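A.B. asks: Quick one, structure for this:
(one chain, ligands or ions: 2)
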Amino acid sequence: MSLLTPKNSRQVCESDATSAHACISEKTESICEHSRAQAEEIAARKAPSAPANSAELHPGEYVYGACETVGRSVRAGNLWVEEPVAYDAVILASFGGPDGQADVVPFLRNVTAGRGIPDERLEEVAVHYRLNGGVSPINEQNMRLREALEEELNSRGFTIPVYLGNRNWAPYTHEAVEEAYRAGHRTLLAVTTSAYSGYSSCRQYREDFANALEHTGLRGAVTVDKIREYFNHPGFLTPFIEDLTQAYVRLLEEGHAPKNIEVLFTTHSIPCADNARSGPNMRAVLAGSVSKNTVAGIDSISERVVAGIDSVSECAASTHGTIPEHVPSDVGSEPEYTTTSVVHHNAGSKDCVDSIHSCTTTIEDVVAACQEYGLYVQQHREAIDAVRGEVENRVGQRLNYRLVYQSRSGPPHVPWLEPDINDVIEELPGQGRTAVVVVPIGFVSDHMEVLWDLDNEARATAAKCGLAFIRTATPELNPMFIRGLADLVEERLKGTSRAQRPALTPLGPAPDICPAGSCRHSRRPEAPAIAGIPSEI
Ligand SMILES: CC1=C(CCC(=O)O)c2cc3nc(cc4[nH]c(cc5[nH]c(cc1n2)c(C)c5CCC(=O)O)c(CCC(=O)O)c4C)C(CCC(=O)O)=C3C
Ligand SMILES: [Fe+2]
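C.D. replies: Ligands and ions are numbered 1, 2, ... in the order given. Alright, predicted model coming up:
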C-alpha cells in the first residue's frame, strides 16, 4: 500500500487551498520522511496494492491530467499534438503478471477486481501459471523492454528515463508515477504494451493513470500523456512481416503448396460490446474536426450498436437458462449481449431463436455490427492487410489468411469476438490445408496468453489435425520494434505534425488524444482517463 494514500494527500492539499506549491512541497517533505519505508515496501511487493477507482473528473477539464501543451492543442480542436513537449520521463505501462506461486491468486484478484469471483474459480485460471512455477514471463519481458527503450532513447541524445508500471502487479502504475516524481520528473509520457484501441488495450491503461494520479495525490503536480495507438506503425508491423515471410518460405521449402498453407492472424477476443464501444469507422470521424457534433455523433452511433446488442442479449440470456454459478450476481444486472455464439449454441432451440427475433428485427445487422463495426476489429483488419500485402510481394504468392480470436473468457451467454482459433484450425484439413502459420498480431510479447493458448493449445489442435504448425514471433525485443517505440516517443517530444507521422494503413496515424467516450466500460462509462476528451465538453 502506498504511503501517499489519497486520503492523506488530499488532507494536505485541502489544508492549504491557497497554494498548490505549498501543497507540493509539503508532500515532498513527507515523501523524504517516508522514503525508506516506502522503498522497503515497494521492494517487498507482496501486498497487492492495486489502486482504487478513486479518480473524479473535474468539470471543465479537457484532458484529465494532461500537460499544458496537450490541453491547449485539444482546446484548439487538434487531436494530434503538433507542438514539442519537454517530457522528462516515460512510463512503460503493461498488464503485469505473478512472480511466483504465492502471487498467482492475488494477481488474479487484481485482474478480476470488483467482480467478486470466488478463489476456487480463480484457481481454474491459475493452472496456466501454476504449471510455470507461478511465474508469468511478462514481467521479465517488460523489464528488458524498459531497459532497451531507455537505451535507445539515450543513444538518440534524449536523457529521459523509462519507468515500468503495471495494472495488475508490482511495480504498479502508481508506484512508477511516484518513483518518477521522487526522481524529480513532472511531465510524463506513457507507452503501453498494447497497440490497439479498446477497453482492455487502451482505455483501461488511460484510467490506470487517472487513478494513479489520484491515488498518489500527485494530480496537479505531475502530468501524464500517452503515445498514439501504434497498430499500424512500421516499428510494430515490420517484425511481423519479416517473421511471417520466413515462416512461409520455410513451409514452401518443406514442400507445402501455397494453396495448402493457411495464415491465421490471431488476437485477444474481447466482448462484442467492447468492440462496438471501441469506436466507429474512424476514417470518417477523423476527417472532421473535434466539434461537439462530431463527438455526439460518435457517441450516438456506438450507443445504438451497443443498445442493439443489449436488447438481443436480454432475450438470449433469459432463454439461455440459468447464468452459470461462478458468475457473480452483479454481472447479471449489467447489460448483456448476444452474438453468433448464442445463435449457434442454441440453433436447435426454436424458442430461443424466435425470442431473439422478437427482440429485434435486425439480428443479422447486430451480429455483423458486433464483428465488424468496432475500431478494435477494424484496426486489426488494417494491420493484417498491411502485413499480408507486403509478405505477398516478398514471396510472390497470394496468401490464404483469416483473422481469428483466442483467450476468450467470461460467461458463455456473453458474446465475444469469434471465430476461435482452435475451431478454425479444426476446419482446415477439410479445406485441403496441410500447414498453418499462426501470427500473434494482437500481441507485443510472448507472454502467458501466447505461450499457453498458442504454443500449447493451438499447436496441439494442429497436431491432432495432422497440420504442420509454425507460430511466428511477437515484436518483443526486436530492434525494429524498440526503434519504433522510440520514434513514437520522439514524435511527441518534437511535436511532429500529423502528416509527417508514419503509418502503414489507410486509417493513418491514430490520434494522440482519444475522442470523447471512446472505449468506455459499461459499468463505469465516465471513469476519468488520461489522454482522452471527456464526453461532457
Ligand atoms: C484485449 C486484451 C489484451 C491485449 C492488450 C494488452 O496487452 O493489454 C489482454 C492482455 C493480457 N491478458 C492477460 C491475462 C489475463 N486476462 C484476463 C482477462 C481478460 N483479458 C481481456 C482482454 C485482453 N487481455 C478481457 C476482456 C478479459 C476479461 C475481462 C477481465 O477480466 O478484465 C485474465 C483473467 C482470467 C480470464 O478471464 O481468463 C487474465 C489472467 C495478460 C497477462 C499474460 C501473462 O501473465 O503473461 C495479458 C498481457
Ligand atoms: Fe487478458
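A.B. asks: and the gap between the closest residue to residue 260 other than its chain neighbours and residue 419?
C.D. replies: Nearest in space to residue 260, with sequence neighbours left out and distances taken as Cβ to Cβ, 6 or more residues apart in numbering, is residue 434 at 4.3 Å. Where C-beta positions appear, they are placed from N, C-alpha and C, glycine not excepted. Distance, residue 434 to residue 419, by Cβ to Cβ, to the nearest Å: 20 Å.
A.B. asks: Also residue 397?
C.D. replies: 24 Å.
A.B. asks: One more: residue 400?
C.D. replies: Counting by Cβ to Cβ, the gap from residue 400 to residue 419 is 15 Å.
A.B. asks: quick check, residue 72 in a helix?
C.D. replies: Yes: under DSSP: H, G, I helix; E, B strand; the rest coil, residue 72 sits within a helix.
A.B. asks: For the residue nearest to it when sequence neighbours are not counted, grab the count of nearby residues.
C.D. replies: Take residue 72 and drop its neighbours on the chain: the residue closest to it by Cβ to Cβ, 6+ apart is residue 83, 7.8 Å away. Counted with other Cβ atoms under 10 Å, residues neighbouring residue 83 total 14.
A.B. asks: ok, residue 83 - contacts?
C.D. replies: 69, 72-73, 495 (Cβ atoms under 8 Å, 6 or more residues apart in numbering).
A.B. asks: With residue 244 instead?
C.D. replies: With contact set as Cβ under 8 Å, 6+ apart, residue 244 has these partners: 263, 387, 391, 437, 439, 472.
A.B. asks: And residue 270, by the same measure?
C.D. replies: Residue 270 sits next to 198-200, 376, 416-417 when contact means Cβ under 8 Å, 6+ apart.
A.B. asks: Looking at these, which are in helices?
C.D. replies: Secondary structure from DSSP state H places residue 376 of those in helices.
A.B. asks: Narrow the contacts of residue 270 to those that are buried.
C.D. replies: 198-200, 376, 416-417 (16 or more other Cβ atoms under 10 Å).
A.B. asks: For those, point out the one with the lowest pLDDT.
C.D. replies: Note: of the buried ones among the contacts of residue 270, the lowest pLDDT belongs to residue 416, at 83.
A.B. asks: just checking, that one touches residue 406?
C.D. replies: No: look at residue 416 against residue 406 with Cβ atoms under 8 Å: they stay out of range, at 10.4 Å.
A.B. asks: Can you pull the residues that touch both of these two?
C.D. replies: By Cβ under 8 Å, 6+ apart, the residues touching both residue 416 and residue 406 are residue 269.
A.B. asks: Quick check: the residue nearest to the spatial centre of the chain vs residue 531, distance?
C.D. replies: Centroid-nearest residue in the chain: residue 201, 0.9 Å away (criterion: Cα atoms, centre = their mean). Relative to residue 531, residue 201 is positioned 14 Å away (Cβ to Cβ).
A.B. asks: One more: residue 391?
C.D. replies: 33 Å.
A.B. asks: quick one, which of those two is more surrounded?
C.D. replies: For residue 391 and residue 531, the more surrounded residue by other Cβ under 10 Å is residue 531, and the numbers stand at 28 against 25.
A.B. asks: Residue 274: neighbour count?
C.D. replies: 24.
A.B. asks: Residue 98 now?
C.D. replies: Neighbourhood size, residue 98 [other Cβ under 10 Å]: 26.
A.B. asks: got a list of what it touches?
C.D. replies: 104, 106-107, 129, 134-136, 169.
A.B. asks: Tally up the residues packed near residue 155, please.
C.D. replies: Considering only other Cβ under 10 Å, residue 155 is surrounded by 10 other residues.
A.B. asks: okay, it: pLDDT?
C.D. replies: 98.
A.B. asks: From residue 145, how far off is residue 478?
C.D. replies: 11 Å.
A.B. asks: neighbour count winner among these two?
C.D. replies: Applying other Cβ under 10 Å to residue 478 and residue 145 shows that residue 145 carries more neighbours, namely 25 against 19.
A.B. asks: State the distance from the more buried one to ligand 1.
C.D. replies: 12 Å (Cβ to the nearest ligand atom, to the nearest Å).
A.B. asks: What of residue 531?
C.D. replies: Residue 531 is 15 Å from ligand 1, by Cβ to the nearest ligand atom.
A.B. asks: Can you name the residues that contact that residue?
C.D. replies: Per Cβ under 8 Å, 6+ apart, neighbours of residue 531: 63, 66, 70, 190, 206, 209, 224-226, 512-514.
A.B. asks: most neighbours, which of those residues?
C.D. replies: Counting neighbours by other Cβ under 10 Å, residue 209 leads those with 32 neighbours.
A.B. asks: is the helix or strand hosting it anywhere near ligand 1?
C.D. replies: Here residue 209, judged by DSSP states H and E, is contained in helix 204-216. No: against ligand 1, helix 204-216 shows no contacts by Cβ under 6 Å from any ligand atom, the least distance being 7.2 Å.
A.B. asks: from now on call the first residue 10
C.D. replies: Let's use 10 as the start, then, which means that last one is helix 213-225.
A.B. asks: Following element in sequence after that helix, please.
C.D. replies: Next element after helix 213-225 (DSSP H and E): strand 232-235.
A.B. asks: Give me the sheet partners of that next one and which way each runs.
C.D. replies: The pairing partners recorded for strand 232-235 under DSSP bridges are strand 196-201 (parallel).
A.B. asks: could you give the angle of the partner strand to helix 213-225?
C.D. replies: 140 degrees (axes from the mean of the first three to the mean of the last three Cα atoms, to 10 degrees).
A.B. asks: all strands of this protein, in order?
C.D. replies: 98-103, 171-175, 196-201, 232-235, 270-277, 409-415, 444-448, 477-480 (DSSP state E).
A.B. asks: Let me have those strands in a markdown table, adding distance to residue 462 and mean pLDDT as columns.
C.D. replies: What follows is the strands of the chain, written out as a markdown table (distance: least, Cβ to Cβ, whole Å; pLDDT from 0 to 100):
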| stretch | distance to residue 462 | mean pLDDT |
| --- | --- | --- |
| strand 98-103 | 18 | 98 |
| strand 171-175 | 20 | 98 |
| strand 196-201 | 21 | 98 |
| strand 232-235 | 27 | 96 |
| strand 270-277 | 8 | 98 |
| strand 409-415 | 5 | 97 |
| strand 444-448 | 10 | 98 |
| strand 477-480 | 10 | 98 |
